[in-house]
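S.K.: next comes the sequence, and after it the predicted model I'd like to discuss.
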Amino acid sequence: MHKSVAEYSPSFELRYQSLFRDGCVLVFPCDPEGRVDLNAVSERTRNGYLFARAMVGRDYAVPVVQRLH
């Protein structure tokens, strides 16, 4: 069974960097493997995550998991 994002948060985040706009990054809480718990986030965050995921290679680079300090 996978742990929920809440068990890791705020230790990790999934970062989608824009391919065309410097400094434009979409960030979502995730587990160490980059999984976003869609049941634990708001509808707005869920929609943003699904958009970013669909736009990889078009508007956003492949996401990177980053450990927070």
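M.R.: Ah, there it is.
S.K.: phi, psi of residue 48?
M.R.: The phi and psi torsions at residue 48 (degrees, to the nearest 10) take the values phi -60, psi -40.
S.K.: list the contacts for it?
M.R.: Residues touching residue 48, when contacts are defined by CB atoms under 8 Å, 6 or more residues apart in numbering, comprise 26, 28. Where you see a C-beta, it was placed from the backbone N, CA and C, and this is true even at glycine.
S.K.: what of residue 24?
M.R.: For residue 24, the set of contacting residues under the criterion of CB under 8 Å, 6+ apart consists of 17, 18.
S.K.: what's the first helix or strand after the least confident helix or strand in the chain by mean pLDDT?
M.R.: Using mean pLDDT, DSSP states H and E, helix 5-8 stands out as the lowest-scoring helix or strand of the chain, at a mean of 48. The helix or strand immediately downstream of helix 5-8 is strand 12-17, counting by DSSP states H and E.
S.K.: kindly export that following strand (C-alpha atoms) in CSV.
M.R.: Taking Å, rounded to 0.1, in the frame of the first residue of the first chain, the C-alpha atoms of strand 12-17 are listed here in CSV:
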residue,chain,number,x,y,z
PHE,A,12,8.9,16.6,-1.6
GLU,A,13,7.4,18.5,-4.5
LEU,A,14,6.9,17.8,-8.2
ARG,A,15,8.1,20.7,-10.3
TYR,A,16,7.1,21.3,-14.0
GLN,A,17,9.3,24.0,-15.5
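S.K.: helices and strands around the helix or strand that comes right after it, which ones?
M.R.: For strand 12-17, the succeeding helix or strand toward the C-terminus, using DSSP H and E, is strand 25-29. The criterion is 3 or more CB pairs under 8 Å, 6 or more residues apart in numbering; DSSP states H and E, and the helices and strands that strand 25-29 contacts are strand 12-17, helix 43-54.
S.K.: partners of whatever helix or strand comes next after the longest one, with directions?
M.R.: Same thing as helix 43-54. Under the assignment DSSP H and E, the closest C-terminal helix or strand after helix 43-54 is strand 64-67. Strand partners for strand 64-67, identified by DSSP bridges, are recorded as strand 12-17 (antiparallel).
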